[in-house]
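Student: Okay, predicted coordinates and the sequence, questions at the end:
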Amino acid sequence: MSLSCVEDLLREVANKMNEFLLRVDRFERGFQAEEKVGRYIFTLALLDYIINRCKPFRVTRELDLISFNCDGRYLLIQTDSWKSSWDDPYVGSKIKRNVFANTLFEYYTQITSKLPKDIWTNEEYEFFNQLGKVNRITIGDTALPRPTEQLYVTWLMYRTPPIEVSVNEYRFREPTISIRPNFSSPEIEEVVFMADIVIPEPGEPIPLVVDYNAYLYPSTGKIRETTMNENEKYIQIGRQGTCLIKDKLLNEFNRLMDLFNGAFTFATAYLLY
């Protein structure tokens, strides 16, 4: 089986995310005279939009991590600390001086003041465990916890209901898309697709689990696949499994992008009125 399904999945994710970051970058450029306050405005608009669109579970005391139930999907957004940023003369003064950023921040603090702080609620914990073990889309890089030039978001996780298919006697499960933005320009550094191939072992109580990973580097257009021992058999199973779950996974990615694009429309309309 060819690489086509894997390539289609990775390129569609990269193209849509790049388009989105370019839109936000143009939005940010409208605030160049105000020291890049646009990314604070947009990120606050994103948070405020999702608070009204989804059910929030909790927020941390620093206001930097908030979790939601978005139509049966678990969404967690990690930003830099708004609370400490407010007192930071470099960041806080920018927000305070700008009427749009200031109003959006005040709304965010007002709404989140009613939410449980820090500790997982029973409702959130139960909901989280109802979903797939992995089955998620992540944006950001936990190894480099800093926001991009376009967004004040350091990490985002969107966890979907279970997605699993069978490829002959093998199970293909726990698909994950990981997107790593470039931290200084409106583009994607890398998109990674990961899934498990579960291989039954006759006479063994625990099946063999093999990782299938595919990497896209948009700057070069190159795609790389890896699996245990670079075994061609497992690569073919990975490609077959990707073809079977591609549409479902892209549907989940598009749900997430709909939230982003809705927030963009909200931010633009807010500034106009």
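Tutor: On my side now, so go ahead.
Student: C-alpha only now, for contacts and for neighbours.
Tutor: OK.
Student: quick one: average pLDDT of the host helix or strand of residue 245?
Tutor: According to DSSP states H and E, residue 245 maps onto helix 232-272. Taken as a whole, helix 232-272 carries a mean pLDDT of 94.
Student: what packs against it?
Tutor: helix 4-29, helix 38-53, strand 164-167, strand 170-181, strand 188-199, strand 208-217 (3 or more C-alpha pairs under 8 Å, 6 or more residues apart in numbering; DSSP states H and E).
Student: among these, which is nearest residue 129?
Tutor: Checking the helices and strands packed on helix 232-272 against residue 129 by C-alpha to C-alpha gives strand 170-181 as the closest, at 13.9 Å.
Student: The closest one versus helix 232-272: what angle between them?
Tutor: Interaxial angle, strand 170-181 versus helix 232-272 (axes from the mean of the first three to the mean of the last three C-alpha atoms, to 10 degrees): 40 degrees.
Student: Strand 208-217 and strand 170-181, what's the angle between them?
Tutor: Counting by the same axes, to 10 degrees, strand 170-181 lies at 30 degrees to strand 208-217.
Student: What lies in contact with strand 170-181?
Tutor: 14, 132-141, 148, 162-166, 187-200, 238, 241, 249 (C-alpha atoms under 8 Å, 6 or more residues apart in numbering).
Student: residues near residue 243, how many?
Tutor: Per other C-alpha atoms under 10 Å, the neighbour tally for residue 243 reads 17.
Student: Show the contacting residues for the residue lying closest to it once chain neighbours are set aside.
Tutor: Spatial nearest neighbour of residue 243, excluding adjacent residues (C-alpha to C-alpha, 6 or more residues apart in numbering): residue 5 at 5.2 Å. By C-alpha under 8 Å, 6+ apart, the residues touching residue 5 are 239, 242, 243, 246.
Student: Could you identify the most distant pair in the residues you listed?
Tutor: Farthest apart among those by C-alpha to C-alpha are 239 and 246. That separation is 10.1 Å.
Student: and for those two, which residues touch both?
Tutor: Common neighbours of residue 239 and residue 246, counting by C-alpha under 8 Å, 6+ apart, are 5, 6.
Student: Would you mind measuring from residue 43 to residue 227?
Tutor: 37 Å (C-alpha to C-alpha, to the nearest Å).
Student: With residue 113 instead?
Tutor: From residue 113 across to residue 227, the span is 46 Å (C-alpha to C-alpha).
Student: pLDDT score for the nearest residue to residue 107 once chain neighbours are set aside?
Tutor: What sits nearest to residue 107 in space, not counting adjacent residues and going by C-alpha to C-alpha, 6+ apart, is residue 48, at 7.5 Å. The model reports residue 48 with a pLDDT of 96.
Student: Done for today, thanks.
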